[in-house]
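*Asks:* here is the input, now give the coordinates:
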Amino acid sequence: MTTALRAVRARVLRLLAFTSMYLLVVIALGVLFVVAVVLSLTGSLAFSPLELLATAVALAAGAFAVDAVTHRLMKTALRWESTLITVLILVFVMRPALDPVALLWLVVTGAVAAVSKVIVAWRGRHIVNPAAIAAAVMTITGVSPAAWWVGTPMLAGVVAVLGIAIAWRTEKLRVVFTFIVLALTLSIATTLFAYAQAGLAVSVGDVASQLLVSSPILFLGFFMLTEPLTLPSRHWQQLLVAAVVAFFVGFPLSIGVISLGADRALLIGNLVAFALAVRARNLGRLVLTDTREVTPRIRELTFTAEAGASFTAGQYLELTLAHPHPDVRGTRREFSLVSAPSELPTVRIAYRTSPAERGSSFKRALGDARVGDRMRGSGVWGDFTLPACGPLLFVAAGIGITPFVAHARELSTRGVQRDIVLVYIAARAAELAYHADFADHQVIIVTPDDPTPLANETWAGGLRITATSLQSMVPDLSARHAMISGPPALIASLQPALAGAASVKTDAFAGY
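*Replies:* Predicted coordinates for the structure are as follows:
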């Protein structure tokens, strides 16, 4: 990826990071539903607006009813955004109806999806996509077969635009495009073969365009394959899952009397992802054991994880915190892990604090957390890992120092020596955190005010980081693998300065 493309990517991520990942998906699916209703009013779809609305209500009735019961029995908070996402996905997968019997089966479909989140789950993650398992069950039993009516030319453009926004926000563009390209290629091949066997001539372009806009491929890739709780933690593993799903979408095989449709293809990929997750044994139940103020604006939380947990330095944790009256951003957030894997079962995260009136309900609840409180890590993800060899340049902006701390602690614990230069940028000296963890490495601090007293660090003043200034601070930049972590806007502004590095890896994140 070129420097210019990296900068565009970071800026777009900043725009999309106005809200949580889950709420963004809700918004995107909601917009798609409104577009579908408008199209149905014009007669452009095969279903009436009333059928679409009735279907949505029936699915929601079944899903939210089961969720309300299960969460009450298990004494957990209702994650309304997760349930709403499942309902809206099913609206576009199941056949809309007004018939009372058909609507009753749609209520059952919503209930099956909600039940699967509790029964077909492991250590806080879904083993299978709830919407996909519900669609598969109803299709295989024959009581309410999935229609995948979202695969229509009238909606293809909207699905693609909204889907790209979601994949960009979740940093799954490569995964989704890998799936789409492979699934489309295989589908074209099997379709052309079928036409050839029938003695019919058909244009490759016609087949390709028809499959792209009139099949479930786009919706499946953008809105279902990207569900984080059914994906493995590493990028190469996610690409493997995408390839597996694409294979079974492109070659819709049959097992006995059961054919492998789009929902069942996704379920096979989910099982592959689960097999990888079982091996990783990601963080699950967490007990808060300590809290401390690292700086006036940065707070650290220490947890004890359950036995067998694991992660890789540089990865991030998705933390679920049930709390009364959650705002629209929900009950889940991502945090880079400050602790090293070698410190397990101790797990540490850190976050920026802000006045209560400015923070989200999640942040306020996290601030009120006390020692002994239990939380859940629904998974760890990320590939912000160290290159196998070569000198390194860490560029940390603000709270973006956290993944680098995990790397430094892991290297120190293992007794591994790496040539590291850390350029640490902060709004003011009082907000510098964890730089003592880099006592064995060269540290260059960039703050407008004097951070003295210093140990091994060098203060570069508050100068703006440009290609020229960075080259003067790090003369051997071209020999170093650069890693940069911080807010998307700052990463975008720093990308041109890193163009001369041997390689560049970014870890952009937004606030919450």
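*Asks:* please enumerate the helices of the stretch 151-300 of the chain.
*Replies:* 153-169, 173-197, 204-214, 217-219, 235-250, 262-280 (DSSP state H, counting those that start in this stretch).
*Asks:* so in the protein, where's the weakest helix or strand by average pLDDT?
*Replies:* strand 258-259 (a mean of 52; mean pLDDT, DSSP states H and E).
*Asks:* which one of the helices of the stretch 151-300 of the chain lies closest to D476?
*Replies:* Nearest to D476 among the helices of the stretch 151-300 of the chain is helix 235-250 (28.2 Å), distances taken as Cβ to Cβ. Every residue, glycine included, has its C-beta placed from N, CA and C.
*Asks:* outside of the closest one, which residues touch it?
*Replies:* Residues outside helix 235-250 that contact it (Cβ atoms under 8 Å, 6 or more residues apart in numbering) are 172, 174-176, 178-187, 189-190, 216-217, 220-221, 225, 231-232, 260, 262, 264-266, 268-270, 272-273, 276, 383.
*Asks:* give the buried residues for stretch 105-123.
*Replies:* By neighbour count with 16 or more other Cβ atoms under 10 Å, stretch 105-123 contains the buried residues 105-118, 120, 123.
*Asks:* quick one: residues contacting the residue most central in space within the chain.
*Replies:* For the chain, T170 is the residue whose C-alpha lies nearest the centre (Cα atoms, centre = their mean; 4.1 Å). Applying Cβ under 8 Å, 6+ apart, we find T170 in contact with 21, 226, 228.
*Asks:* let's verify the closest residue to P296 other than its chain neighbours: helix, strand, or coil?
*Replies:* In this structure, P296 finds its nearest non-sequential neighbour in A430, 5.9 Å apart by Cβ to Cβ, 6 or more residues apart in numbering. Classification of A430 using DSSP: H, G, I helix; E, B strand; the rest coil returns helix.
*Asks:* name the element F311 belongs to?
*Replies:* Using DSSP states H and E, F311 is not contained in any helix or strand.
*Asks:* er, T139 actually
*Replies:* Assigned by DSSP H and E, T139 falls in helix 130-141.
*Asks:* list the buried residues of that helix.
*Replies:* Neighbour count says helix 130-141 has 130-140 buried, by 16+ other Cβ under 10 Å.
*Asks:* before we move on, what about stretch 363-378?
*Replies:* Here stretch 363-378 shows 363, 365-366, 369, 373, 375-378 as buried, counting by 16+ other Cβ under 10 Å.
*Asks:* lowest pLDDT pick from those residues?
*Replies:* Lowest pLDDT among those: S378, with 77.
*Asks:* who touches the helix or strand where it lies?
*Replies:* Assigned by DSSP H and E, S378 belongs to strand 374-381. Contact partners of strand 374-381, identified using Cβ under 8 Å, 6+ apart, comprise 124-125, 228-229, 231, 233, 277, 280, 282-288, 303, 305, 311-312, 315-321, 332, 334, 337, 347, 369.
*Asks:* what of stretch 191-204?
*Replies:* With Cβ under 8 Å, 6+ apart, stretch 191-204 has contacts from 188, 207, 211.
*Asks:* let me know the average pLDDT across that stretch.
*Replies:* For stretch 191-204, the per-residue pLDDT averages 88.
*Asks:* in that stretch, what counts as buried?
*Replies:* 191-192.
*Asks:* no further questions, thank you.
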